[in-house]
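Q: generate coordinates for the sequence data below:
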Amino acid sequence: MFLHPGTFMLLLVAVVSAALGYHALEDQPYYPIFHIRPPSGHVNDPNGPFRDNNTGYVHLFMQYCPLGPCLGQNAPIVPGKTPNVQSATHFYSKDLVKWTWTGPDAGVVAGGKEESDTDCPDFRGVYSGSTTIVDGVPHYAYPGVHDNPIPWTDGKHYTTMSQCTAVPANSSDPTLSQWKKRTIINASQIPHGVRQHFHDDSEAFIGPDGRWWMFCGTAACPGNKPATGDCPYPDPTADSAYGVNYLFSSADFKTWKQEHSLVNTSGFVSCPEFYTLPNMEKNKYIYHSMNSVTEVGTFDVSKVTFTPDGTSTGKYDNADGHAAKSYWDAHTGRRIMWAWIAGSFPCVNADHRPCDSMQSVPREITYDTALDALIINPVAEVAGLRTGLIKQVSAVAVPPVPKVVPGAKGTTLDVTVNFTCNTTAQRENALAPVTCGAAIRLRTTESGSGYFQVGFQGTTNSPGQAVDVIVSMEETLQDTSTVPAMRVRGPTDYTVSNNTNFPKGDIRDVSLPPGTSGATGVALCEQHCDNTSGCHAWVFVEEGHENGPRCALKGSNYCAPSADDNCAGCRDSSTMKCFCISGEQHGAHPANSSSCGTAPPHPPKARGFQVPFAATESFDGSFNFRILVDKCVIEVYAQHGRAIGTYMYLPNNASADGISLLASTPSVGITASLEVYSMGSAYEST
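A: Residues are numbered from 1 along each chain as shown. All right, here's what the predicted structure looks like:
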């Protein structure tokens, strides 16, 4: 859990980012300049961050598929060709401001030559892991994906996972670009009763017995289901596929033995985190996993178990930020985290490969005792990317219709806006509740066409009542409010229907390789849904339709069509009309209609979240946003980090760069103070 103190010194190193083509990419209209990623290909989960006490450099791994969107553990393995499976590519930074990528052949690469006597069998992928400092040496623990050497009853060798560690191959190299690996937990040690998808190793901690403890995320195999290649040993005591965080312990970080589950959760566990923060009570800890609500609870040190209090709320990120990973930075006394921002964007690179996803800026996590919740903000070092103050206004009246702020423009910005509602106007009773709200639009134009809008609405003198944050987007390349020509998987079986949509409930999109069609696309979407926490349904969007081929993964609140509807789609609960899709056309039609009409205009897509207030605390009419704009991505930090949302936003007009303000409750009277900074590149340059 903790880094050991050591000598902190900065060394001069050779920089290669210019040779890797970043500066040419930064001129492209959608390529982000301060959300790091390799020049091309697909990235997802941030992994194993740590600070090297010998150099002071911060290191960050991330899942990486060089050829484009990953196909996961089922990617075809062709002799003599590099498979497009996940590796853990590697970045480092001297200051959390500028970053250097060590290249496609650095980091922890799947497969390849044997780098130690017990090299990890990871030829099907290096999945998400964490770094623990052991005797001053970083140990990156991760699941290596491979075929089970023991065939299943049908003769097939299903995939399984062994847990491995990687350590620097050359500790005198300050960049730590090369790593050697070894197996520490064989697949044969996966306990009975859980899935072979046994992955995403946690950061290790020292238990009361002086041993190292580490857990892996998975799910139970219910006893009422038949055995499968992924669940060869169902648990007769398990009646559902609840999440399991299975612990192992070790005296030397080399030989590990099975223990028990740290805590069971509602569903399959991915990217788990477990830690405490300096101002938390003794034995109070944080547990978090991908797409779940953050849990505060009690760690029983003697039993090595965690019990959630069941009262905490909030997520690491409420939108397109997923699979976060953090570390304790002992040098600065902070917990620092990154999130994977999922989404593809147009790019042109020397490799002629697609660009998909990136990492958030580094974020600091603190704990608010009154809220019983985490506060998450960009680390202070992010301000080091500012290249100049381009606009500052104080206490300007917010108009009832959008009005562009003169001189406040850009596509790479750090924006802070503070709204203040005049809550005493037009009231006889000073304690009467007043509802007020306002919004800021970014990436807009003088005419107001196209925008990313984030606003708030809250009620004063209402103790404990949350404030709503409302996000809407208009004219985006990613508008998928209606998607034609698709196939769907239901929540309880694998029935596939053509030209059918499950509206609502979007978790994220997964891009598929060009040319993916038919049964291949269906199988890949099925796989991605199975491997994504919280996925209840999927839609396979074919090539040539709405940014296809891709998988649209859906959560539990997706909308399913009624079995008696002749037109495929979803009934609207208020009008009882059937949402009908057929080929390129879509619209609202009477129930049981068998034909579809002309598509109506796409309305702005609306998304949002809530900002918590303590039980004895009321919204006082003041509200704050800090917003980071980086071409195709926007990070929103609400009310000084009480809640955040990260959004992929690709405006049709790539040059739209204006900012406007508007009041949603103009009768209250609202003012705003605004600071707008231009932002520079996070990639190190020579």
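Q: how about the helices in the stretch 351-500 of the chain?
A: Chain-ordered helices for the stretch 351-500 of the chain, with DSSP state H, counting those that start in this stretch as the definition, do not occur.
Q: output the below-cut-off pLDDT ranges for it.
A: Scanning the stretch 351-500 of the chain for pLDDT under 70 picks out the ranges 424-431, 475-500.
Q: for the strand or helix carrying residue 298, give me every contacting residue.
A: Taking DSSP states H and E as the definition, residue 298 sits inside strand 295-300. Applying C-beta atoms under 8 Å, 6 or more residues apart in numbering, the set of residues contacting strand 295-300 from outside is 263, 276, 283-288, 305-312, 372-373. In this view, the C-beta of every residue, glycine as well, is placed from N, C-alpha and C.
Q: narrow those to those that are buried.
A: Neighbour-count burial (16 or more other C-beta atoms under 10 Å) applied to the contacts of strand 295-300 gives 263, 276, 284-288, 305-306, 308, 312, 372-373.
Q: among the residues you listed, which one has the lowest pLDDT?
A: pLDDT is lowest at residue 312 among those; the value there is 75.
Q: assumed it was part of a strand.
A: No - the assignment for residue 312 is coil, going by DSSP: H, G, I helix; E, B strand; the rest coil, so no strand is present there.
Q: so what's the residue nearest to it when sequence neighbours are not counted bridging to?
A: Computed as C-beta to C-beta, 6 or more residues apart in numbering, the closest residue to residue 312 that is not its neighbour in sequence is residue 296, at 4.1 Å. In this entry, residue 296 is beta-bridged to residue 286, by DSSP bridges.
Q: count of residues packed around residue 296?
A: Counted by other C-beta atoms under 10 Å, the residues lying close to residue 296 total 21.
Q: any idea how far residue 243 is from it?
A: If you measure residue 296 against residue 243 using C-beta to C-beta, to the nearest Å, the figure is 18 Å.
Q: now residue 95
A: Taking C-beta to C-beta as the measure, residue 95 falls 37 Å from residue 243.
Q: ok, those two, which is more surrounded?
A: A side-by-side neighbour count of residue 95 and residue 243, using other C-beta under 10 Å, places residue 243 first with 23 against 13.
Q: okay, the more buried one: pLDDT?
A: According to the predicted model, the pLDDT of residue 243 comes to 92.
Q: tell me which element the residue nearest the centre of the chain falls in.
A: What sits nearest the mean C-alpha location of the chain, by C-alpha atoms, centre = their mean, is residue 322, with 1.4 Å. Using DSSP H and E, residue 322 maps to strand 321-329.
Q: sheet partners, orientation included, of that strand?
A: Using DSSP bridges, strand 321-329 pairs in its sheet with strand 334-345 (antiparallel).
Q: chain center to the strand it pairs with, what's the gap?
A: Strand 334-345 sits 6 Å away from the centroid of its parent chain (C-alpha atoms, centre = their mean, to the nearest Å).
Q: avg pLDDT for that strand?
A: If you average the pLDDT values across strand 334-345, you get 92.
Q: just the CA trace of that strand, in CSV.
A: Provided in CSV are the C-alpha atoms of strand 334-345 (Å, rounded to 0.1, in the frame of the first residue of the first chain):
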residue,chain,number,x,y,z
ARG,A,334,-1.3,12.3,-2.0
ARG,A,335,-3.4,9.6,-3.6
ILE,A,336,-3.2,10.1,-7.3
MET,A,337,-5.5,8.4,-9.9
TRP,A,338,-6.1,8.1,-13.6
ALA,A,339,-9.2,7.0,-15.5
TRP,A,340,-9.6,5.4,-18.9
ILE,A,341,-11.6,7.8,-21.2
ALA,A,342,-13.4,5.4,-23.6
GLY,A,343,-14.1,6.5,-27.2
SER,A,344,-12.7,6.7,-30.7
PHE,A,345,-11.9,9.8,-32.6
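Q: tell me which residues in that strand are buried?
A: If you call a residue buried by 16+ other C-beta under 10 Å, then strand 334-345 has these buried ones: 334, 335, 336, 337, 338, 339, 340, 341, 342, 343, 344, 345.
Q: assign residue 24 to helix, strand or coil.
A: In the three-state summary, residue 24 is assigned as helix, counting by three-state DSSP.
Q: gap between it and residue 388?
A: For residue 24, the distance to residue 388 (C-beta to C-beta) stands at 23 Å.
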